[in-house]
Structure formats: C-alpha cells, structure tokens
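Trainee: only the shape, not the letters, is given here:
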C-alpha cells in the first residue's frame, strides 16, 4: 500500500449498508479499513452530507466507493479533500448539472423501473419481482429475500436532481461494468466509464456485483487502493 488504507462504501437506491456485507471482510483481510455509510435516500444533498461525515471520521486519505445511485453521491462527496480516489460500481457518474434520469434517457430502458412502486411522500420502493428478476437476478433466493427486506425507500426527486461539482474530473477513477445489468443499461456504464477515463472491470453480473461477484470486486478495490500514488495520498491527508 502506498497511501490509502481507508475505504468508505456508499450504497445505492433501494439498499442500505448491508450491500457491502461480502466486500467489507475481504477488504479488512487485506489490511484496509472499510466502513459503510447509511444514507437516508432523501436527497442528494442529504446523502452527500451523510457520506461526508463518515469521510471526515477517517484518520487519513479515503478511497470512496459508490454503487448505483451512490455513484452520484460520491461524484459530489468526492470533492472532500480527504478523498484520494473514486470507485464506481454499476453506477451513475453524472456531469455537473446532469440529472440521473437525463443520463438514463440516452440509453435503452431497463426492466427494473417497471417494478417500482410509490409508497407515499414521493418515495419509491422495488417490488419483490423487481428484486428477483431485475435487481439481483444472479443471487440466491435467500439473498434476494434479504435484499428485498432491507431496501431503503428512495425519494423520487433524487432522479431529477444534479450535482454541483463532479469530482471525477480531478480524482483517479475506477468503474465496475455489469454486462447483465437490468437496472442501469450496460451501454450507459460503458459510456460513463469511457467519459471519465476510468480503469474498468467488466463482470457478467446483475446490478449487484458486490454480492454476486464479491471476490472480483474486492480484488479490484484492493488494487485501486494500492495503485494510488504517495503524492495523491499525501495531498488527501492534508
């Protein structure tokens, strides 16, 4: 390791910190300090604030990792000076002023959004069918049942909001592309990673590769943490 030993993990919509339950032990076993944010999913601003609190709690430079909608959160929170690099997992990585719905509209529609139901106050949740067929179709039935049970109700306004400053312009980036994703179009993930100039890992995975391919995802993150140069880590530690 040249400098980054802290990894802050940011879950996406219709999820919670348990998304990372298979990844955290693998990172810890390789000497990394890994912690998961519990975001309220009420707005990008609220989720960025929650993420920044956990970044600030770390004792040194941070590798910030976001899944799905969590990619939008780390795109903004990644401007925190303690952040030395960004890892996107089947994620949105918007440009400044770009909305998530605007990004998705440029690519083939995905089945997941036909399985979203309103639960009041502008919040949305996934149906059980959506979890099993379109969110984590390559998980075991037991895993799918748990994903459905712990999902966080997500404020619909999030998809029409934008970030103010995209950290991926100034921080090194990595991107896990999921070729069997039924939530975010794989074509969108490929295009986004290319736009960012990110180092990529492509997996034949559902939208939840950290649960279906944890070894591969963890190895990718460990490599990312180890490849951040001492000068970048030093800048993040100041």
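Mentor: Yep, that arrived. Only a predicted model underlies this, so the values are computations on that prediction, with no experimental measurement involved.
Trainee: you'd agree residue 224 is up against residue 85?
Mentor: Yes. Residue 224 lies in contact with residue 85 (C-beta atoms under 8 Å); the separation is 6.1 Å. Any C-beta I mention is one placed from the backbone N, CA and C, and that applies to glycine too.
Trainee: give me the more crowded residue out of these two.
Mentor: Using other C-beta atoms under 10 Å as the criterion, residue 224 and residue 85 rank with residue 85 on top: 28 against 22.
Trainee: which SS class is that one?
Mentor: strand (DSSP: H, G, I helix; E, B strand; the rest coil).
Trainee: re the thing from before, which neighbours do residue 224 and residue 85 have in common?
Mentor: Here residue 224 and residue 85 share the contacting residues 63, 172, 174, scored by C-beta atoms under 8 Å, 6 or more residues apart in numbering.
Trainee: which one of those residues is nearest to residue 52?
Mentor: Nearest to residue 52 out of the shared contacts of residue 224 and residue 85 is residue 63 (C-beta to C-beta; 15.1 Å).
Trainee: paired strands for the helix or strand where the closest one lies, with orientation please.
Mentor: Assigned by DSSP states H and E, residue 63 belongs to strand 62-67. When pairing is defined by DSSP bridges, strand 62-67 lines up against strand 6-10 (parallel), strand 83-89 (parallel).
Trainee: would you reformat those as JSON lines and include mean pLDDT?
Mentor: Below are the strands paired with strand 62-67 laid out as JSON lines (pLDDT from 0 to 100):
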{"stretch": "strand 6-10", "mean pLDDT": "98"}
{"stretch": "strand 83-89", "mean pLDDT": "98"}
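Trainee: list the contacts of residue 123.
Mentor: Counting by C-beta under 8 Å, 6+ apart, the residues that residue 123 touches are 153-156.
Trainee: got it, and residue 212?
Mentor: So residue 212 contacts 136, 138-139, 205-206 (C-beta under 8 Å, 6+ apart).
Trainee: and the closest residue in space to it that isn't next to it in sequence, which of the three is it?
Mentor: Computed as C-beta to C-beta, 6 or more residues apart in numbering, the closest residue to residue 212 that is not its neighbour in sequence is residue 138, at 4.6 Å. Secondary structure assignment for residue 138 (three-state DSSP): coil.
Trainee: circling back to that earlier point, of the shared contacts of residue 224 and residue 85, which is the most crowded?
Mentor: Ranking these using other C-beta under 10 Å puts residue 63 first, with 30 neighbours.
Trainee: how about low-confidence regions in the chain?
Mentor: 1-2, 230-235, 237-238 (pLDDT under 70).
Trainee: how about the strands of it, start to end?
Mentor: Under the criterion DSSP state E, strands of the chain are mapped to 6-10, 33-36, 62-67, 83-89, 116-120, 123-126, 154-155, 173-178, 199-203.
Trainee: quick one: residue 147 and residue 210 touch, right?
Mentor: No. Using C-beta under 8 Å, residue 147 makes no contact with residue 210, being 11.3 Å away.
Trainee: rebuild the shared contacts of residue 224 and residue 85 as CSV, extending it with distance to residue 189.
Mentor: Formatted as CSV, those follow (distance: C-beta to C-beta, whole Å):
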residue, distance to residue 189
63, 20
172, 18
174, 12
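Trainee: what is the nearest of those to residue 194?
Mentor: residue 174 (13.2 Å).
Trainee: so what's the closest one bridging to?
Mentor: residue 87, residue 199.
Trainee: quick one: contacts for it?
Mentor: Residue 174 neighbours (C-beta under 8 Å, 6+ apart): 85-88, 198-201, 220-221, 224.
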